[in-house]
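Undergrad: just to be clear, the model below is a prediction. Sequence and coordinates:
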Amino acid sequence: MILKEIIEALDLRVAAGAVHTDVEVTGGYTADLLSCAMAGAAAGNLWITLQSHLNVVAVASLNELAGVIVTEGRPISAETAGKAEEEGVVLLHTPLTSYQVAGRLWALGVR
């Protein structure tokens with residue numbers, strides 16, 4: 001599924017990387033520990049997390065993720081959004097919980 005389609009289906013807000021939303025999402029990964037995401041998220045995955053600080057951008061870039069969804073309405077600082085733009089990382093946010101986002105992605109066929 002294309003990331004742009006997921007953004008529309010889940011009514012996600014784009015905080016950074018809007019020009020990079022035409023990518024194929026190969027799967028999903030949910031974790032709040034950066035070390036878990038570094039070890040478990042694969043290239044092309046969409047990472048669901050509560051974390052919204054600069055290191056999230058570093059992990060997403062390192063793992064070549066399709067994007068990051070920050071859940072539960074957690075604020076994303078201008079500094080983090082700016083770094084995501086600089087690195088070409090798609091940074092999304094939603095008021096939904098991580099559980100709700102994962103369930104909705106599963107229903108859309110993202111495995």
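TA: Everything's here; your move.
Undergrad: and Ile76, how far from Leu92?
TA: 9 Å (Cβ to Cβ, to the nearest Å). In short, each C-beta sits where N, CA and C put it, glycine included.
Undergrad: how about the contacts made by Asn45?
TA: 25-29, 63, 65-66 (Cβ atoms under 8 Å, 6 or more residues apart in numbering).
Undergrad: ranges for the helices of the chain?
TA: Using DSSP state H, the helices of the chain run over 3-10, 34-40, 54-62, 78-87, 98-108.
Undergrad: let's see the pLDDT reported for Trp106.
TA: You'll see Trp106 listed with a pLDDT of 98.
Undergrad: same thing with Ala16?
TA: With respect to pLDDT, Ala16 has a value of 98.
Undergrad: so what sits opposite it in the bridge?
TA: Using DSSP bridges, the beta-bridge partners of Ala16 come out as Leu91.
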